[in-house]
Each structure stands twice: as structure tokens, then as C-alpha cells.
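How does the following fold in three dimensions:
(one chain, ligands or ions: 2)
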Amino acid sequence: MYLRSVDISTEYLNYIVSEKKMKCDCDFVIRDNPRLVAHYDNCRLLWNELNPGKEYPRNNDGTIKLLNKHLQELKVDILYHLGLDTQNYDLPAIFGDVKFVCMGGTKYRMRDFAQYIAELLDLPEKNKKLVNLTKHSQRYAMYKAGPVLSVSHGIGVPSMTTVLQEVIKLLAYAKVKDPIIFRIGTSGGLDIPPGSVVVTSFGLNGNLGKTFDIPVLGKTRQLPSILDSRVCQEVHSLSVDNDDFGTYIGGTMGADDFYIGQGRLDGPFCDYTQTDKMTFLNTLKGLGVRNIEMEANAFAAYTRAAGIRAGIICVTFLNRLLGDQVTPNKATLKEWQKRPMIVVGRYIEKYFEDRKM
Ligand SMILES: O=P(O)(O)O[C@@H]1C[C@H](O)[C@@H](CO)O1
Ligand SMILES: O=c1cc[nH]c(=O)[nH]1
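Ligands and ions are numbered 1, 2, ... in the order given. Modelled structure (predicted):
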């Protein structure tokens, strides 16, 4: 009997595989960590199930296989928005040790996160001024703290997917093995206290579909917004009882707009009523959605298309059932933005601690 490793917890998987001597569907378990203590990758079986007939975008050593054959015709690949390329930079030497990529809207948050990780993991970077590695492009910011890359993606799907796709190519060119990508963001919550953290279990678009819909050559394609359920559960399991905030699992709607796209009443345009808004938000709630932001469905879809495990962890700035305006003061919002960093930091710290044992 083969186990569906994606559906069960790490602890249970460890127990079953080691004690019951069962075979696991996930070949990464064996290769990546013979002691079966830490984290595993998207399994080939699941990939084949979800993508019948589609090549698995991963090499046997865990490096990313870019399935776009046109790339092979390029002498040099210019990662324009990252300000990097495959000719002038030794990408494996600079980025080959990366294990985690964390992305979020603002440059300041992502610099703070890199600094936080440097201190948490006691890295040499903790005493250095972090350098923005994309400074030639002036679009985004990317900082490296040891095995963690911290990258800003701006607001909304087009901005996020542009840099995410270059990050995926960067990881492939740098020969990074089995990376995990997180988005650490902010959002509006649904019926949970402001300041709560939501670990996304699925992405939803503005039409309530679990897909990211993108027109390609004049026709809309629908990419499933699926995230790695193990990453989600493991991140959630690391929330601790004495945190002064709650951490919830739930769906996340990625809206294409902050105002009418999120059912707000306080934008410059609005032709619907408070009742219409509440009906919509309650429908979302009924579908298991816990929060609304502007990237989740596309982030889930593109990381999955690349065969990369990913998670989305956002703090909520308000309860959308009670209002639309973001009213907490700057200091509170800054403090709350640290919460996804703390939660993801625990995951990253545990990953490396498990490997020291
Ligand atoms: O990661 P951030 O804080 O940018 O995420 C949300 C979604 C949009 O990007 C933005 C809207 O205020 O915040
Ligand atoms: O309501 C909110 C708050 C932050 N970010 C969003 O996209 N929506």
C-alpha cells in the first residue's frame, strides 16, 4: 500500500514509514532526509494525478526543471526585474544554498524579515547591512540571509507574478534543491479578530472559483489555486498557545482590486448596497474563506505550476464583516505585520534545527 503523503501530518508520516515500514509515494522523503524528520516535497504521484500527461517540473536531485523549451534557445536569460542574468552572475554560487524564498508586498517588510531571519538563525548577516540584490532594476527588493531569500512583490497579481516567475527561473538557474516559497502578507479578515494570522489552505478568485484565470493568446486559461496541504498544516501546527494572536487555517480570496474588488463601500465608485456587500462576504465565509488580499490565487497557481511547495501566511488588519477602513494606528499595523514573520520564522528555524539533530 502506498501512502498519500500529502494528506497526512509529518509526524504521522514518520511513524507510518519508519514503524510500519510502508512505502511512501514521495521519493523526496527518502532522498532529502533519511531520518524522516523534516519536510518533503511535492510528490510525483500527486503531480501526475492533478496534471495527467504533464511532465513533472523537477529533476531527480530536487532541482527545478523549467519546462519552457524556448528557454534553451537563449544564450543569456535576462531576469529583467531582478536585475540579474545568466551570463554576468554566477547564480549557483550566489543563490545555490537557498532553501526558502519569502515574498511580501513591501520592500521595508522584506528587509525587516531578512534581518529577523539573520538574527533568528544566528547568521553572519545579522551584523551586516543587508544589500538589495535587485538594485539595478529599481523595481523590487531582494535580500539574502543565508538560505533565505526575502523578496518584495508590490501590490496585486501582475506585480507579484512578474517577480515570482523570475524568482522561479532564478531558483532553477541557481540549481536550488526542493525550495519552499512563502508569501507573508496583510489582508482583511472574515469574522476573526483584527491582528489574527491566516494560513491559507486554498486560493479563490473574485468570481469564487479556486483558480487563477489568465488570458493567454486571446483565450482565458484557468490554473488551479492549490497549495501544499502539508506546508499549511505544519505552519499552523507551529502556532503556540501563548501567542497573543490567533492563527487560523482557511481559504484566501485574491481580489484584483482593493475597493469594489473586495466588496468595499468606501472606494470612489460603488453601485451596490451594504446588504449586497454583506451577502457576498457571508458567501465567502460559507465557502471557508478567512481572509481577502490581492495575490493568493495567482501565487498558489504559479508555485504549483512550477511544482514548488508554497504557503501563504497573512495577518488581518480588520474584520471585514464590521467595516472597510483600516483604522489601527501605524505602530499597531507595523507590530501586526511581524506576526506572519514570526510564524514563518518558526517553520524555517525548525527546518534547520531538525537537520542538525
Ligand atoms: O503583502 P501585502 O501587504 O502587500 O498584501 C496585501 C495585498 C495587497 O498587496 C496589499 C493591499 O493593501 O496588501
Ligand atoms: O482589507 C485588506 C487589508 C489589507 N490588504 C487587502 O488586500 N485587503
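
need the contact list for the residue in the stretch 51-200 of the chain that ligand 2 sits nearest to.
The nearest approach of the stretch 51-200 of the chain to ligand 2 comes at Gly188, 2.5 Å away (Cβ to the nearest ligand atom). Placement of C-beta: from N, CA and C, glycine included. Residues near Gly188 by Cβ atoms under 8 Å, 6 or more residues apart in numbering: 262, 291-293, 316-320.

cool, Ser225 as well?
202-205, 210-212, 254, 296-298, 300-301, 304.

Now the residue of the stretch 51-200 of the chain closest to ligand 2: closest residue in space that isn't a chain neighbour?
In space, Gly188 comes closest to Arg320 once its chain neighbours are excluded; the distance is 4.4 Å by Cβ to Cβ, 6 or more residues apart in numbering.

Got phi/psi on the one you found?
Arg320 has phi and psi values of phi -70, psi -20 when expressed as degrees, to the nearest 10.

just so I have it, where are all the strands in the stretch 51-200 of the chain?
78-79, 84-85, 100-104, 142-145, 148-152, 180-189, 197-204 (DSSP state E, counting those that start in this stretch).

can those strands go into TSV with extra columns for distance to ligand 1 and mean pLDDT?
As requested, the strands of the stretch 51-200 of the chain are exported to TSV (distance: least, Cβ to the nearest ligand atom, whole Å; pLDDT from 0 to 100):
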stretch	distance to ligand 1	mean pLDDT
strand 78-79	21	97
strand 84-85	23	96
strand 100-104	4	98
strand 142-145	15	98
strand 148-152	9	98
strand 180-189	3	98
strand 197-204	12	96
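
Could you save those strands as CSV and add columns showing distance to Ser239?
As requested, those are arranged in CSV below (distance: least, Cβ to Cβ, whole Å):
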stretch, distance to Ser239
strand 78-79, 35
strand 84-85, 35
strand 100-104, 17
strand 142-145, 23
strand 148-152, 20
strand 180-189, 14
strand 197-204, 7
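
so Gln87 makes contact with Val76?
Yes - the criterion here is Cβ atoms under 8 Å, and Gln87 meets it with Val76 at 4.2 Å.

what's the nearest residue to Asp276 if we skip its chain neighbours?
Spatially, and ignoring its direct neighbours in sequence, Asp276 is nearest to Gly263 (8.0 Å; Cβ to Cβ, 6+ apart).

which helix in the protein runs the most residues?
Identified as the longest helix of the chain according to DSSP state H is helix 330-356.

Quick check: mean pLDDT of that helix?
In this model, helix 330-356 has a mean pLDDT of 94.
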